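Undergrad: below is the structure, and that's it, no one-letter string:
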């Protein structure tokens, strides 16, 4: 009877503990001078082990979930780049039909620039969807940093990475500025009322993209190619496709150098601010007791 | 070194085990007897092996090859250092407490 009870109590231990110490504990129980007290002690310890093991498993599961959320976020810049490029490609037939009335190069430049709007409109529900199913600590920081890493990964791919600018150091500088600004904007706008937050996000986004574009040009292009006194016009020109000759004094040289980087950063800003606005903060985990 | 405080509710039985093993390797039953004599309360097997598991994880003790179907454990160098530090801390605490009691 006591042996059966001892086996039942030992079965309460997590398997790895039972396999390691089960025989030794069973030996002590068999020779115990106070068997009932010791059985109760083993039962209590086994349940404690089970609980602490459960907590560790829960912590591991949570870590895996957070990692999965971060991976999804990191892949988003690639997905958004594909969407943007697909939208730009979709303007081809329209440009072909309009060829008779519009200069092909200028028309394409403006049409591509306009595609930022539908891409941003798609980024918004994607951000809502992803943000609502995401739980992260400090999303205001985690989201921009993760997206920035995704953008850097794209920029670093030889050939394809040129979609985010001809110069990798320039793209890296712009992405770093964007990341810091997006984090600050997300943090600050979260403290404001709904209307003020919306206004702050719109104006903040413009300033942020302006700063990122300037960072790119300052890093990638020498003053002789891109006169610094025109810096304030670099972003409006790059995002609109309207280029009065800000680089090399020639038409579309700025777009040639910076490619789709401002457009991608604009789309990523919409996505990042949407995600951070709706992502639930993961509660701080209490340390596991021994 | 993090010390025995790391072991949470097992820190006291862990200290008793380390003191028991300071005299030489022992198996679980011998530890129970020794701790019973030292403290007046024989630890239950669940409490004893809960502490043994944590002490092994911290590499304060290690298992020796089985003898007569019983597995002895011995103190490691890290365990000896942790025990020394804990006893010093206790001595200093006790000295302060006793001094204050005497003053009061």
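TA: The structure has been received and is ready for your questions. Every value quoted in this text rests on a predicted model; they were computed, and no experiment measured them.
Undergrad: my guess is residue A:78 contacts residue A:154. True?
TA: Yes - using Cβ atoms under 8 Å, residue A:78 is in contact with residue A:154, at 6.0 Å. The way it works is simple: take the backbone N, C-alpha and C, and place the C-beta from them, glycine included.
Undergrad: more neighbours: which of those two?
TA: residue A:154 (19 against 15; other Cβ atoms under 10 Å in any protein chain shown).
Undergrad: residues touching the more buried one, list them.
TA: By Cβ atoms under 8 Å, 6 or more residues apart in numbering or on different chains, residue A:154 lies in contact with A:77, A:78, A:81, A:160, A:161, A:163, A:164.
Undergrad: what about it, helix or strand, and which?
TA: Residue A:154 belongs to helix A:139-156 when assigned by DSSP states H and E.
Undergrad: what are the buried residues along whichever helix or strand comes after that helix?
TA: Counting by DSSP H and E, the element after helix A:139-156 in chain order, helix or strand, is helix A:168-189. Across helix A:168-189, burial judged by 16 or more other Cβ atoms under 10 Å in any protein chain shown covers A:168, A:170-175, A:177-183, A:185-186, A:189.
Undergrad: mind giving me the packing neighbours of helix A:168-189?
TA: Secondary-structure packing of helix A:168-189 (3 or more Cβ pairs under 8 Å, 6 or more residues apart in numbering or on different chains; DSSP states H and E): helix A:139-156, helix A:194-220, helix A:261-278.
Undergrad: how does it look with 10 Å?
TA: Secondary-structure packing of helix A:168-189 (3 or more Cβ pairs under 10 Å, 6 or more residues apart in numbering or on different chains; DSSP states H and E): helix A:139-156, helix A:194-220, helix A:253-258, helix A:261-278.
Undergrad: average pLDDT across that helix?
TA: On average, the pLDDT along helix A:168-189 is 94.
Undergrad: quick one: it to helix A:194-220, angle?
TA: Going by axes from the mean of the first three to the mean of the last three Cα atoms, to 10 degrees, helix A:168-189 is angled at 160 degrees with respect to helix A:194-220.
Undergrad: what sits against the residue of chain A most remote from its centre?
TA: Most distant residue from the mean C-alpha position of chain A: residue A:33, 61.1 Å away (Cα atoms, centre = their mean). Residue A:33 sits next to B:32, B:33, B:36, B:42 when contact means Cβ atoms under 10 Å, 6 or more residues apart in numbering or on different chains.
Undergrad: report the separation between the closest residue to the first one other than its chain neighbours and residue A:113.
TA: To tie it back to what came earlier, the one meant is residue B:32. Spatial nearest neighbour of residue B:32, excluding adjacent residues (Cβ to Cβ, 6 or more residues apart in numbering or on different chains): residue B:42 at 5.3 Å. In this structure, residue B:42 and residue A:113 are 82 Å apart, going by Cβ to Cβ, to the nearest Å.
Undergrad: now do the same for residue B:70: its pLDDT.
TA: pLDDT for residue B:70: 85.
Undergrad: need the phi and psi values for the residue farthest from the centre of chain A.
TA: Dihedral pair for residue A:33: phi -80, psi -20, per degrees, to the nearest 10.
Undergrad: buried stuff in whichever strand or helix holds residue A:123?
TA: Using DSSP H and E, residue A:123 sits in helix A:116-132. Along helix A:116-132, these residues count as buried under the neighbour rule (16+ other Cβ under 10 Å): A:116, A:119, A:120, A:122, A:123, A:126, A:127, A:130, A:131.
Undergrad: thinking again about what came up before, what's the most buried one of the helices and strands packed on helix A:168-189?
TA: Ranked by mean neighbour count, the helices and strands packed on helix A:168-189 are led by helix A:261-278 with a mean of 26 (mean count of other Cβ atoms under 10 Å in any protein chain shown).
Undergrad: helices and strands around that helix, which ones?
TA: Applying 3+ Cβ pairs under 10 Å, 6+ apart, we find helix A:261-278 packed against helix A:35-90, helix A:104-114, helix A:116-132, helix A:139-156, helix A:168-189, helix A:194-220, helix A:231-240.
Undergrad: give me that answer again for 7 Å
TA: The contact analysis (3 or more Cβ pairs under 7 Å, 6 or more residues apart in numbering or on different chains; DSSP states H and E) places helix A:261-278 against helix A:35-90, helix A:116-132, helix A:139-156, helix A:168-189, helix A:194-220, helix A:231-240.
Undergrad: so where's the chain uncertain?
TA: You didn't pick a chain, so chain A it is. Where chain A drops to pLDDT under 70, the residues are A:1, A:53-58, A:61, A:100, A:102, A:104, A:280-290.
Undergrad: my bad, chain B
TA: Applying pLDDT under 70 to chain B picks out residues B:1-3, B:103-104.
Undergrad: alongside chain B, which residues does the stretch 1-150 of chain A contribute?
TA: Taking Cβ under 7 Å from any Cβ of the partner chain as the criterion, the neighbours of chain B within the stretch 1-150 of chain A are A:17, A:21, A:24-25, A:27-29, A:31, A:37-38, A:41-42, A:44-46, A:48-49.
Undergrad: no more questions from me, cheers.
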